[in-house]
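A.B. asks: sharing a model that was predicted from the sequence below.
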Amino acid sequence: MRDIPLLLGFLIMTPMILTRPYLGVLAWCWTALLVPNSYVYGFASAIRFNLWIAVVTLLAWPFASKPKAIPLNTTSILLGGLLIWATISSVFSVAPVAADTWSQWEQFVKTLVLSLAVMAFIRTRTRMVAILFAVALSMGFHGILEAGKFVLTAGGHKIWGPGNSIIGDNNAFALAIIMTIPVLVYLYLQFRNVLLRIMLGGSIFLLVLTVIGTRSRGGFIGILVLGFWIFVTTRKKLTFIAVAFPLALLALALAPDTWFDRMQTIEDVSQDSSFMGRVIAWKINTLAAIEHPLTGAGFHSTQDLAVWKHLSENFSALDIVPTRRPDTVMAHAAHSIYFQVLGDLGFVGLALYLLLLAAAWRNASLAIKHSLANPEVRWAHDLARTFQYCLLPFIVSGAALSMAYFDLAFVLVALTAVLREETRVQAAMAARSTVGMSTIANRPAST
């Protein structure tokens, strides 16, 4: 029964997107994060809704009433550079089965094009808030649904992400939810509608429960990092403590004993087989980059058993970091956004990726600076902080997760560039206005 209403909804959206491509960008982001196929089990499960929306949006782009060009800036150049380099890397992939490499390339290109579309169409405060609602409605839906199961089973339900998506793993899902929490907090603070605030406030608490329900150690570290950075940067520290502390106590009171047992293993990672397995995967991906320093081994190549075994033959070259020998029965994921890019795209790809993250952080910082200097864009201060709050857990906890190409991270990167440009333009206009008023004031009176 779910298939028909879902299909009808997308059929209704299609003509709207053709006339208003920015709605397509919102729907594109929403479907990328919601993964609607994972919630249907009939004929609609085979329909690639995200690709459908992407194609319709791209077809409508040139015919928009106000065509939008992709702004030329550091972020768009780096995104374009990554797209080109990912294509070159895929051409020279060492994976025995090229189909998997090109399938991953297709997903990555869609993510990059979505980011460029965000930069072209989502340029106003209203549209930026709209895309944050798209994030809230998609990731929030996942989180609330799983938190409900967690509560109804008294903590017995172990939470996983949707289907076979990039956030299907419990650890990846925990990080995705943590990145969503600041979005809900921002929306809560921006609106005064009582019903909306009750819904957003309750959703924030449920998302915290979701992170606990994943039993993810990386998620626990990520939420601690997020809380610490909010405390450091907020001007209302006492308010933050008064809200966050009881919320954390209530969430922990609902956590099962197995959660506490799992978190205690953080104390000695050197004896933890799961963590040391990650270190082995990092070394394998480093070996892939050493063997193919420019292009890397190609998307998912190190997860092919033949490639994994080949790289394992030179494993002793990295004995400077002591670990057991690699598994030769099954290949493993990179378990790090940084080593994932290093193994897939080589040192050049990793450099582009790191520069992109650094540019996003700087964009948000400059937006904060411009907003403090100009009352006309004071609204941008909280928005820029929100983008940093979302990105910081990704940068930290992502060091142990294979989420390098997560759609939400790239959308946030694009939004930081948009916000920086908006605040820069407004600051320049304010400066010219001030100079103009000063000139008029100092002009000699005519006699």
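C.D. replies: Noted; the coordinates are in hand.
A.B. asks: show me where the stretch 251-400 of the chain has helices.
C.D. replies: In the stretch 251-400 of the chain, the helices defined using DSSP state H, counting those that start in this stretch lie at 257-264, 273-291, 305-312, 337-373, 379-397.
A.B. asks: can I get the ones you listed in TSV with mean pLDDT?
C.D. replies: As requested, the helices of the stretch 251-400 of the chain are exported to TSV (pLDDT from 0 to 100):
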stretch	mean pLDDT
helix 257-264	76
helix 273-291	88
helix 305-312	91
helix 337-373	94
helix 379-397	94
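A.B. asks: quick check: which of the ones you listed is nearest to residue 59?
C.D. replies: Comparison of the helices of the stretch 251-400 of the chain against residue 59 by Cβ to Cβ identifies helix 337-373 as nearest, at 27.5 Å. Bear in mind the C-beta positions are built from the backbone N, C-alpha and C, glycine included.
A.B. asks: got the angle between that closest one and helix 273-291?
C.D. replies: Direction vectors for helix 337-373 and helix 273-291, defined by axes from the mean of the first three to the mean of the last three Cα atoms, to 10 degrees, enclose an angle of 90 degrees.
A.B. asks: buried set for helix 337-373?
C.D. replies: Within helix 337-373, the residues scored as buried using 16 or more other Cβ atoms under 10 Å are 337-353, 355-357, 359-361, 363-364, 366-371.
A.B. asks: residue 240: neighbour count?
C.D. replies: The burial metric for residue 240, expressed as a neighbour count using other Cβ atoms under 10 Å, is 15.
A.B. asks: pLDDT weak spots in the protein?
C.D. replies: 1, 67, 99, 266-273, 430-447 (pLDDT under 70).
A.B. asks: domain ranges for it?
C.D. replies: The record's domain parsing of the chain by automatic domain parsing lists 1-67, 72-121+272-425, 128-269.
A.B. asks: just these: most buried one?
C.D. replies: Among the domains of the chain, judged by mean count of other Cβ atoms under 10 Å, the one packed with the most neighbours on average is domain 72-121+272-425 (a mean of 20).
A.B. asks: circling back: which one, of the helices of the stretch 251-400 of the chain, ends up nearest to residue 62?
C.D. replies: Each of the helices of the stretch 251-400 of the chain was scored for nearness to residue 62 using Cβ to Cβ, and the closest is helix 337-373 (26.5 Å).
A.B. asks: for that closest one, packing partners?
C.D. replies: Contact here means 3 or more Cβ pairs under 8 Å, 6 or more residues apart in numbering; DSSP states H and E; on that basis helix 337-373 packs against helix 74-91, helix 273-291, helix 379-397, helix 407-442.
A.B. asks: leaving out the residues flanking it, which one is nearest to residue 29?
C.D. replies: Nearest-residue entry for residue 29: residue 134, 4.9 Å, with adjacent residues in sequence omitted and distances by Cβ to Cβ, 6 or more residues apart in numbering.
A.B. asks: check which helix or strand covers the one you found.
C.D. replies: Assigned by DSSP states H and E, residue 134 belongs to helix 125-152.
A.B. asks: quick one: that helix to helix 379-397, angle?
C.D. replies: Going by the same axes, to 10 degrees, helix 125-152 makes 50 degrees with helix 379-397.
A.B. asks: tell me the helix or strand right after helix 125-152.
C.D. replies: Scanning onward from helix 125-152 (DSSP H and E), the first element met is helix 170-190.
A.B. asks: which residues touch the nearest residue in space to residue 409 that is not next to it in sequence?
C.D. replies: With Cβ to Cβ, 6+ apart as the criterion, residue 409 has its nearest non-adjacent residue at 5.2 Å, and that residue is residue 394. Taking Cβ atoms under 8 Å, 6 or more residues apart in numbering, we find residue 394 in contact with 175, 179, 337, 403, 406, 409.
A.B. asks: any idea how far residue 394 lies from residue 405?
C.D. replies: When distance is defined by Cβ to Cβ, to the nearest Å, residue 394 is 12 Å away from residue 405.
A.B. asks: against residue 22, how distant is residue 395?
C.D. replies: Distance, residue 395 to residue 22, using Cβ to Cβ: 29 Å.
A.B. asks: what do you get for residue 333?
C.D. replies: From residue 333 across to residue 22, the span is 35 Å (Cβ to Cβ).
A.B. asks: distance between the ends of stretch 88-95?
C.D. replies: Its first and final residues considered, stretch 88-95 spans 14 Å by Cα to Cα, to the nearest Å.
A.B. asks: how far off centre is it?
C.D. replies: The offset between the C-alpha centroid of stretch 88-95 and the centroid of the whole chain comes to 25 Å, using Cα atoms, centre = their mean, to the nearest Å.
A.B. asks: need the contact partners of that stretch.
C.D. replies: Contacts of stretch 88-95 from elsewhere in the structure, counted by Cβ under 8 Å, 6+ apart, are 101-102, 105, 292, 295-301, 304, 307, 344-346, 349.
A.B. asks: give me that answer again for 6 Å
C.D. replies: Contact with stretch 88-95 is made by 101, 105, 295, 296, 297, 298, 301, 304, 307, 345, as judged by Cβ atoms under 6 Å, 6 or more residues apart in numbering.
A.B. asks: swap in stretch 223-235?
C.D. replies: With Cβ under 6 Å, 6+ apart as the test, stretch 223-235 has contacts from 178, 211, 240, 392, 393, 396.
A.B. asks: which one of these is nearest residue 314?
C.D. replies: Each of the contacts of stretch 223-235 was scored against residue 314 by Cβ to Cβ, and residue 396 proved nearest at 30.3 Å.
A.B. asks: which strand or helix spans the nearest residue to the closest one once chain neighbours are set aside?
C.D. replies: What sits nearest to residue 396 in space, not counting adjacent residues and going by Cβ to Cβ, 6+ apart, is residue 225, at 4.9 Å. Assigned by DSSP H and E, residue 225 falls within helix 217-233.
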